[in-house]
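Visitor: take a look and give me a structure for this.
(chains A, B, C and D)
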2 protein chains.
Amino acid sequence: MSDKASASIKSTAPNKTLGRPVDTAKSAIILDAARHEFFNNGFSQSSIESIAARASVSKVTVYNRFKTKEALFAAAVGNECAVMREALSVEATAGSSIRERLVHFGMEMVAFLWRDEMVRFERHLAVEVEHNPEIGLLFLDAGPRRLHQALSHLLDEAVEAGELKIDDTEQAAEHLSGMIKGLADLERRFGANISQAKIPDPKAKKRVNSAVDLFLKSYSKS
Amino acid sequence: MSDKASASIKSTAPNKTLGRPVDTAKSAIILDAARHEFFNNGFSQSSIESIAARASVSKVTVYNRFKTKEALFAAAVGNECAVMREALSVEATAGSSIRERLVHFGMEMVAFLWRDEMVRFERHLAVEVEHNPEIGLLFLDAGPRRLHQALSHLLDEAVEAGELKIDDTEQAAEHLSGMIKGLADLERRFGANISQAKIPDPKAKKRVNSAVDLFLKSYSKS
DNA sequence: ACATTAATGAACGGTTCCGTATAATAAAAC
DNA sequence: GTTTTATTATACGGAACCGTTCATTAATGT
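Guide: Below you'll find the predicted structure:
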């Protein structure tokens, strides 16, 4: 009876172990191609066909894994955010002085933000946030808020260790990271192509150092 | 001879005083419609036809004044930058204490940046900078750099008046404006729609005040 | 009235692209 | 081999839109 049923009635759920297996590697390749196209040309300027071509995959395969163009974009954003999370999970270098630790944090932050891919990612993501607010929060949680937490934590430890005296470490962290970015953040987003410049932000070292100076002048315990 | 020439030979340059005059008001109306469409939907998502419809103007008329879609976009950006220049030419309120002046400057800056139109303008402009770097510089000159100069000037005056002691006022101005924007700048660009919130940035007052506190703690002369 | 230019409305050619459908091929289990 | 599923290549329907053309109407000077 059961044999007859399974043979005659078409099962709505396909048998997993039967037929040609899904090439699981293709999804990652598609996402990588999508990342390249979307964050270099923008959402509406990127075509599914060009993404498929870059991934060396049929267009139908793309639609097979991702229901629609918007879904593919959201998946690409999620993927980038996951990568960002991984990159930001490195621990702050301890052992050195608090000044050295803060300067190091600042320079790392600048190096991270001033990368070409980061600039373009921010640009094209910000536009799509208007149509899909969720991806904006996805980015905020993976990037900025995480950085803020890391810096706040760094400050908390310094306070506990008696190196600093801060009432509101979160507020202090926001001030410091704000100074680290400074107005150069606008040059980064609207200025000449940074890929042509040898050094991402030539004034970064000076800016970060003086920012830490100003910061420590108020918050140093001594 | 000259009469004969001007009468028989078709002059390549049309006679200005002849025929129906150009409706000069239409250009401004078109630019306003272009601003609305471009900075709400983005460049590639906006169609010339919808812009013409919004301006109650024929599509041909648009192409008559602006050679191409890119030219219209650039013109719209230039127009917005001119408006911005006008808005930023207001003098800083003098007479009060330096603390009050700085806090006032900061709150004005936040109010200016957190407007819906400003957020969308920045978003859509940043994307197009990749294809047309000139419009980015146009914006930088009209907005951020102008703000920076204004704040630097304010600090210079305070130094001359003996209210502050600052070596590098430009660096100090960058730090202060960086703190004023803080990480909230990222929430502004990637966070939930600000138009739904009652107050643009609820934490702005606290952030600006504590930023000025930190600033003055180092640069006060007393 | 007439000449001249501005502006409109509608249509067109050409292009791009989304999402789907179809027929053929490839890779696995049986 | 056969069956089953994944993937490809190709084509299609449909829509959107850029930039242009043409015939017509509107607004001014002489």
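Visitor: could you list the domains of chain A?
Guide: Domain assignment of chain A by automatic domain parsing yields the ranges A:22-72, A:88-219.
Visitor: which one of those domains lies closest to DNA strand C?
Guide: Closest approach to DNA strand C among those (Cβ to the nearest atom of the strand): domain A:22-72, 3.6 Å. For the C-beta atoms, the positions are set from N, CA and C on the backbone; glycine is no exception.
Visitor: would JSON lines of the domains of chain A with mean pLDDT be doable?
Guide: Listed next are the domains of chain A as JSON lines, based on pLDDT from 0 to 100:
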{"stretch": "domain A:22-72", "mean pLDDT": "98"}
{"stretch": "domain A:88-219", "mean pLDDT": "93"}
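Visitor: so which of these is nearest residue B:47?
Guide: Smallest distance to residue B:47 across these (Cβ to Cβ): 12.0 Å, for domain A:22-72.
Visitor: can that closest one be found next to DNA strand C?
Guide: Yes. Interface with DNA strand C: domain A:22-72 contributes A:45, A:46, A:47, A:48, A:49, A:50, A:59, A:60, A:63, A:68, A:69, A:70 (Cβ under 7 Å from any atom of the strand).
Visitor: surely residue A:158 and residue A:99 touch.
Guide: No. The criterion here is Cβ atoms under 8 Å, and residue A:158 misses it with residue A:99 at 10.3 Å.
Visitor: looking at these two, which is more packed in?
Guide: Neighbour count, other Cβ atoms under 10 Å in any protein chain shown: between residue A:158 and residue A:99, residue A:158 has more, with 19 against 15.
Visitor: does the more buried one belong to a helix or a strand, and which?
Guide: Residue A:158 belongs to helix A:144-160 when assigned by DSSP states H and E.
Visitor: following element in sequence after that helix, please.
Guide: Per DSSP H and E, the first helix or strand lying C-terminal to helix A:144-160 is helix A:169-181.
Visitor: which helices and strands does that following helix pack with?
Guide: Under the contact definition 3 or more Cβ pairs under 8 Å, 6 or more residues apart in numbering or on different chains; DSSP states H and E, helix A:169-181 sits against helix A:98-113, helix A:144-160, helix A:204-219, helix B:169-181, helix B:204-219.
Visitor: now tabulate those helices in a markdown table and tack on distance to residue A:75.
Guide: Formatted as a markdown table, the helices and strands packed on helix A:169-181 follow (distance: least, Cβ to Cβ, whole Å):
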| stretch | distance to residue A:75 |
| --- | --- |
| helix A:98-113 | 23 |
| helix A:144-160 | 20 |
| helix A:204-219 | 33 |
| helix B:169-181 | 31 |
| helix B:204-219 | 35 |
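Visitor: quickly compare those helices and say which is most buried.
Guide: helix B:169-181 (a mean of 24; mean count of other Cβ atoms under 10 Å in any protein chain shown).
Visitor: ok, and what's touching it?
Guide: Outside helix B:169-181, the residues that touch it by Cβ atoms under 8 Å, 6 or more residues apart in numbering or on different chains are A:174-175, A:178-185, A:206-207, A:210-211, A:214, B:102, B:106, B:109-110, B:113, B:147-148, B:151-152, B:155-156, B:159, B:166, B:207-208, B:211-212, B:214-215, B:219.
Visitor: by contact count, what packs against whichever helix or strand comes after it?
Guide: Sequence-wise, the next helix or strand downstream of helix B:169-181 (DSSP H and E) is helix B:184-190. Applying 3+ Cβ pairs under 8 Å, 6+ apart, one finds that helix B:184-190 makes contact with helix A:116-129, helix A:133-142, helix A:144-160, helix B:116-129.
Visitor: now do the longest one against helix A:204-219, angle only.
Guide: Put plainly, it is helix A:144-160. 50 degrees (axes from the mean of the first three to the mean of the last three Cα atoms, to 10 degrees).
Visitor: next one: helix A:144-160, is it in contact with chain B?
Guide: Yes. With Cβ under 8 Å from any Cβ of the partner chain as the criterion, chain B is reached by helix A:144-160 at A:144, A:148.
Visitor: again with the second one
Guide: Yes. Where contact is defined by Cβ under 8 Å from any Cβ, part of helix A:133-142 touches chain B, namely A:133, A:136, A:137, A:139, A:140.
Visitor: how about stretch A:64-78?
Guide: No. Stretch A:64-78 stays clear of chain B (Cβ under 8 Å from any Cβ), getting no nearer than 11.0 Å.
Visitor: pretty sure residue A:211 contacts residue A:105?
Guide: No. Using Cβ under 8 Å, residue A:211 is not in contact with residue A:105, being 10.9 Å away.
Visitor: sorry, back to before: among the helices and strands packed on helix B:184-190, which is nearest residue B:15?
Guide: helix B:116-129 (38.7 Å).
Visitor: does chain A have contacts with the closest one?
Guide: Yes. Part of helix B:116-129 sits near chain A under the criterion Cβ under 8 Å from any Cβ, namely B:120, B:122, B:123, B:124, B:125, B:126, B:127, B:129.
Visitor: ok, the closest residue to residue A:128 other than its chain neighbours to DNA strand D distance?
Guide: Distances taken as Cβ to Cβ, 6 or more residues apart in numbering or on different chains put residue A:43 closest to residue A:128, at 5.6 Å, once the chain neighbours are dropped. Distance from residue A:43 to DNA strand D, counting by Cβ to the nearest atom of the strand, to the nearest Å: 14 Å.
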